[in-house]
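Colleague: give the three-dimensional model of this entry:
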Amino acid sequence: RDPEGRPALALGLGTDITEREEMRDAQRRGEEFFRLLIENALDLVSVLDRDGTILYAGPSVRRALGYEPEEITGESILSLLHPDDVVRARAALDLAAGRPGMTGSIELRVRHRDGSWRVHEAGSYNLLGHPLVRGMVINSRDITEREEAERLMRVQGELGLRLGSTDDLEEICGVSLRAVMEATGLDCGGIYLLDEDTGGLRLACHAGLSEEFLEGIRYYGPDTPHARLVFRGERLYVDYAAAPVPHTAADLREGLKALAVLPIMHEGKAVGCLNLGSRRLEEVPESARRAIEATLGHISQALARAR
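Modeller: This next block holds a predicted model:
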């Protein structure tokens with residue numbers, strides 16, 4: 001300072017932080033890069049604790065299963081699985097938790113938000129001992145369409161063989177209905193055949209329906225809304241309650257949600273119809289519709305031959 005106490009000199013010190021800032025920028029870019037990878041990954045990435053509680057669900061869960069990540073975080077993964085798959089999944093979790101590193105894959109049915117079951121192929125990597133993760137990283141891939149395509153090919157092949165070996169109408173109807181239900185995953189249905197004497201539709205076979213419900217649907221006269229719908233040759237996929245036909249109290253007690261009505265056509269004329277329903281699904285999925293329509297030709301040819 002000068003004699004009057006005013007600063008005469010100033011000393012400044014500086015540190016070059018360019019490298020540090022560049023490292024921070026690189027880290028931010030890296031984090032953004034991996035965030036985009038996780039958000040847009042075809043596979044679903046999640047982290048579970050050893051009991052199967054979901055600690056983290058990647059953003060791709062929205063596209064894969066229809067849930068928001070925070071909606072299922074904290075829930076048990078077992079609660080999202082098909083009841084028939086829970087025991088296998090529990091065993092796979094125990095195995096994965098008991099050994100470090102990667103384990104083999106397993107196929108499981110996972111419930112989509114819309115109520116349908118999606119088939120996932122899942123593998124795990126045990127990072128329970130890692131201080132930053134403390135969980136098992138699960139990588140799963142939706143293979144539903146592949147499974148459905150393989151099942152449909154198998155069902156069509158078996159159905160063709162079975163129908164080609166019989167001219168018995170009752171057997172044709174029973175075999176056909178069971179095959180279509182297996183191919184679609186729908187839980188109930190029936191096949192109607194044209195009654196040549198009355199011109200109406202008579203129930204030839206059924207599955208998964210209560211006796212009370214069956215009492216009201218065994219026969220539809222030619223002038224009923226049900227029969228007119230079929231004879232127009234229209235294919236119907238609809239919410240059961242919104243179907244353009246009358247409903248009785250017994251109909252509603254059956255608890256059906258989704259309905260499919262498909263005329264069985266031969267030479268431009270309806271010779272019967274295939275009805276399918278679900279108590280679980282709100283609508284008949286596109287995959288089920290493709291499976292139904294892929295089998296109609298086999299059924300039509302077999303019925304025409306037998307009659």
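
Colleague: please count neighbours and contacts with C-alpha atoms only from this point.
Modeller: Fine.

Colleague: where do the strands of the stretch 101-250 of the chain begin and end?
Modeller: Remark: strands assigned in the stretch 101-250 of the chain by DSSP state E, counting those that start in this stretch are 101-102, 106-111, 117-127, 135-142, 188-194, 201-207, 219-220, 236-239.

Colleague: for residue 64, find the nearest of the ones you listed.
Modeller: strand 135-142 (7.2 Å; Cα to Cα).

Colleague: dump the strands of the stretch 101-250 of the chain to TSV, plus mean pLDDT.
Modeller: Formatted as TSV, the strands of the stretch 101-250 of the chain follow (pLDDT from 0 to 100):
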stretch	mean pLDDT
strand 101-102	82
strand 106-111	94
strand 117-127	92
strand 135-142	92
strand 188-194	96
strand 201-207	97
strand 219-220	96
strand 236-239	92
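
Colleague: and the ones you listed: which comes nearest residue 170?
Modeller: strand 201-207 (7.0 Å).

Colleague: give me the sheet partners of the closest one and which way each runs.
Modeller: The strands beside strand 201-207 in its sheet (DSSP bridges) come out as strand 188-194 (antiparallel), strand 219-220 (antiparallel).

Colleague: most tightly packed of those strands?
Modeller: Most buried of the strands paired with strand 201-207, by mean neighbour count (mean count of other Cα atoms under 10 Å): strand 188-194, with a mean of 23.

Colleague: what residues are up against residue 206?
Modeller: Contacts for residue 206 (Cα atoms under 8 Å, 6 or more residues apart in numbering) come out as 174, 177, 188-191.

Colleague: and stretch 120-137, what's buried?
Modeller: Across stretch 120-137, burial judged by 16 or more other Cα atoms under 10 Å covers 120-128, 133-137.

Colleague: same check on stretch 271-284?
Modeller: For stretch 271-284, by 16+ other Cα under 10 Å, it's 271-279, 281-284.

Colleague: one more: stretch 289-302?
Modeller: Buried, per 16+ other Cα under 10 Å, within stretch 289-302: 291-292, 295-296, 298-300, 302.

Colleague: tell me which two in those residues are the farthest apart.
Modeller: 291 and 302 (17.6 Å).

Colleague: residue 165: neighbour count?
Modeller: Residues within reach of residue 165, counting by other Cα atoms under 10 Å, total 10.

Colleague: do the same with the one 5 residues further on
Modeller: Using other Cα under 10 Å, the number of residues around residue 170 comes to 14.

Colleague: thinking again about what came up before, I'd like the buried residues of stretch 120-137 written out as JSON lines, with distance to residue 259 added.
Modeller: As requested, the buried residues of stretch 120-137 are exported to JSON lines (distance: Cα to Cα, whole Å):
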{"residue": "120", "distance to residue 259": "26"}
{"residue": "121", "distance to residue 259": "30"}
{"residue": "122", "distance to residue 259": "32"}
{"residue": "123", "distance to residue 259": "36"}
{"residue": "124", "distance to residue 259": "39"}
{"residue": "125", "distance to residue 259": "42"}
{"residue": "126", "distance to residue 259": "44"}
{"residue": "127", "distance to residue 259": "46"}
{"residue": "128", "distance to residue 259": "46"}
{"residue": "133", "distance to residue 259": "46"}
{"residue": "134", "distance to residue 259": "46"}
{"residue": "135", "distance to residue 259": "43"}
{"residue": "136", "distance to residue 259": "41"}
{"residue": "137", "distance to residue 259": "40"}
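
Colleague: show me which of those is closest to residue 114.
Modeller: Within the buried residues of stretch 120-137, the smallest distance to residue 114 is 16.0 Å, found for residue 120 (Cα to Cα).

Colleague: just list the residues touching the closest one, thanks.
Modeller: Applying Cα under 8 Å, 6+ apart, the residues contacting residue 120 are 107-110, 140-144.

Colleague: give me the distance between it and residue 302.
Modeller: The gap separating residue 120 from residue 302 is 36 Å, by Cα to Cα, to the nearest Å.

Colleague: contacting residues around the closest residue to residue 292 other than its chain neighbours?
Modeller: Closest residue to residue 292 apart from its sequence neighbours, by Cα to Cα, 6 or more residues apart in numbering: residue 180 at 6.2 Å. Residue 180 is in contact with 291-292, 295, counting by Cα under 8 Å, 6+ apart.

Colleague: one step back: can I have the buried ones of the contacts of residue 120 as a ChimeraX selection?
Modeller: To isolate the buried ones among the contacts of residue 120 in ChimeraX, judged by 16+ other Cα under 10 Å, type:
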select :107,108,109,110,140,141,142,144
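
Colleague: now render the contacts of residue 120 as JSON lines, adding distance to residue 78.
Modeller: Shown next, in JSON lines, are these (distance: Cα to Cα, whole Å):
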{"residue": "107", "distance to residue 78": "14"}
{"residue": "108", "distance to residue 78": "10"}
{"residue": "109", "distance to residue 78": "11"}
{"residue": "110", "distance to residue 78": "9"}
{"residue": "140", "distance to residue 78": "14"}
{"residue": "141", "distance to residue 78": "17"}
{"residue": "142", "distance to residue 78": "17"}
{"residue": "143", "distance to residue 78": "19"}
{"residue": "144", "distance to residue 78": "19"}
